[in-house]
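Novice: starting from these lines, generate the structure:
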Amino acid sequence: MTLSDQPYVNIIGTLGLFFALAACGGDSGSGSSALVNAPSSPPPPPPPSSVTFAATGGLCDGTAGWQAIPNDGLDDTAAITTSLQEAASKGDTLTIPEGTYNIDDPAGVSVTIQNKDFAIVATGAVFLAGPNVNSDIIDFDATSGSFSDYCGGETLVNIDWTGGELDISKTHLSGTVPQGGSVGGTSVGTPTASTTDGLSFRGATGGTNPRAKVDNVTIKDLTIVAAPITPGNRTAYLANPETAPAIDSESDTWRNAGGDSGVFVMGAGSALIENSKFFGIRDASIYMSAAPYDASLGGNYNMKNNFFYGGFDGIATKRGAQRITMDGNVFVNVVRALAVESLAGPLRSTNDQTSERIVDPVVITNNVLNGTQRGIQVESANNVTISDNIIRNHGSRVSMQNNPVRYTRYEGIVIEGATNGTVSDNQIIGVDGGRADASTTVGITIGRHDGITRSIPSSNITISANNIFTDLDSNIEQ
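Specialist: Model prediction:
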């Protein structure tokens, strides 16, 4: 019997990117014997190993295989790494079988981006990250090896990820996750790693002379869980997220989360993240960044129709990433929902910035926010449009306490150091009835940004008369 004649193939060994393949089952004689002696009742389901399948072709062509065995409770880090690396090296679409897979190696799953487009389809797959993980859980990274002769070259690639659930609630915390008195302590992990993001794509190499490798990243229908959300709250939220009230839960908040950000994208030529769900993320649920040492690498970032529950940051774009769109997203019980953040001050030395990075343009439209402390924040930007957003329950209790978690008051829209902007057709609605403590609620604030070399004022910002303010202490402050 040839390898292609067999219904199930199991990969039994790997060394880097060189694979030894072995076929499950016996020769044709043993197969015939099994048929003769088969019982009249339906045969039992195949063993877990039968859902694995072999790679074909050479190291840099052909199809990728899948080595990890689902639902066996064992650490699958090495097998997942090999399989994803095959997809990147061969330029294949890899469909991951349904089931639960465990990632518990301290280094997580790390894949080097090569020179071919590839796609991962993870619908029905659940990845559980364990307490030993002290790095990004699944990371696709442009390195010097991305440009080598081995499946390398100068080609810009496109990467797609569809479906799946990634649970990072048990992993270590990152040492860079905000943990000061304004943010609170942790009940999970040890903050020793520089980053413990859930799913990350670093589309440009690091250092002071970065090189671009990724043209586009597309992420759809992904779920990331960082805090142990109760099934009841998860069901209630997803049943009707656009009208759901802010849910006051002490177990589902980012304060009980493991890990760092949910999805991290840096240095891609463009990216689309849509129809994904994030529960209790401790840092930013979606973190989109330009390359630290080259602001021209990273932009055209579009985040739309995503759902966020119980997190600290919802969507944050940083380090001057250009051409930002945030549209049709829903946030419940999130400290800060949407932010275009300069990071000039706290990370100036690591970014090697000598001047302010001005983001141009910024479009934030059609988002629904329920129970946030700072709804929309835009810093250091030009050509800003903020319209048709709904901010409900403004001033409600968020993240287990009765006063602001990070800011001194509740603010719906904050614009600092921006030029040429329009704020129109937004609704900012104060909490109906009782308010969290005696905190101040403000609808729209226009102010200055403390830049790298100077304080940057906001100018030419038009606040339309058709914005609606309800039950706030102050509607507009400039």
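
Novice: C-alpha only now, for contacts and for neighbours.
Specialist: Noted.

Novice: quote the end-to-end distance of stretch 82-100.
Specialist: Stretch 82-100 has an end-to-end distance of 17 Å (CA to CA, to the nearest Å).

Novice: what's the answer for stretch 94-111, then?
Specialist: Termini of stretch 94-111 sit 14 Å apart (CA to CA).

Novice: and the lengthiest strand in the chain, what other elements does it pack with?
Specialist: Ranked by number of residues, the top strand in the chain under DSSP state E is strand 368-387. Using 3 or more CA pairs under 8 Å, 6 or more residues apart in numbering; DSSP states H and E as the contact test, the elements touching strand 368-387 are strand 330-341, strand 362-365, strand 390-394, strand 410-424.

Novice: in the stretch 101-250 of the chain, where is pLDDT below threshold?
Specialist: 178-191, 241-250 (pLDDT under 70).

Novice: tell me where the stretch 51-200 of the chain has strands.
Specialist: 93-95, 99-103, 109-112, 118-121, 125-129, 138-141, 157-162, 165-167, 199-202 (DSSP state E, counting those that start in this stretch).

Novice: ok, the last one: who's next to it in the sheet?
Specialist: Pointing back at strand 199-202 there. Partners of strand 199-202 in the sheet, by DSSP bridges, are strand 138-141 (parallel), strand 263-266 (parallel).

Novice: mind putting these in CSV, mean neighbour count and distance to Cys151 included?
Specialist: As requested, the strands paired with strand 199-202 are exported to CSV (neighbours: other CA atoms under 10 Å; distance: least, CA to CA, whole Å):
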stretch, mean neighbour count, distance to Cys151
strand 138-141, 24, 14
strand 263-266, 25, 22
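
Novice: can I get the ones you listed in JSON lines including distance to Ala119?
Specialist: Listed next are those as JSON lines, based on distance: least, CA to CA, whole Å:
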{"stretch": "strand 138-141", "distance to Ala119": "12"}
{"stretch": "strand 263-266", "distance to Ala119": "16"}
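
Novice: ok so, going back, now the helices and strands packed on strand 368-387 as a markdown table including mean pLDDT and distance to Lys318?
Specialist: Converted to a markdown table, the helices and strands packed on strand 368-387 look like this (pLDDT from 0 to 100; distance: least, CA to CA, whole Å):
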| stretch | mean pLDDT | distance to Lys318 |
| --- | --- | --- |
| strand 330-341 | 93 | 5 |
| strand 362-365 | 98 | 12 |
| strand 390-394 | 92 | 23 |
| strand 410-424 | 97 | 14 |
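
Novice: nearest to Glu356, of those?
Specialist: Nearest of the helices and strands packed on strand 368-387 to Glu356, taken as CA to CA: strand 410-424 at 10.3 Å.

Novice: any idea of the angle the closest one forms with strand 368-387?
Specialist: 40 degrees (axes from the mean of the first three to the mean of the last three CA atoms, to 10 degrees).

Novice: switch to numbering from 262
Specialist: All right, first residue 262 from here; so that's strand 671-685.

Novice: quick one: strands adjacent to strand 671-685?
Specialist: strand 629-648 (parallel), strand 702-708 (parallel), strand 720-724 (parallel).

Novice: nearest to Asp555, of these?
Specialist: strand 629-648 (16.6 Å).

Novice: need the longest helix for this protein.
Specialist: If you go by DSSP state H, the chain has its longest helix at helix 338-351.

Novice: and it, how far out from the chain middle?
Specialist: On the basis of CA atoms, centre = their mean, to the nearest Å, helix 338-351 sits 20 Å off its chain's mean C-alpha point.
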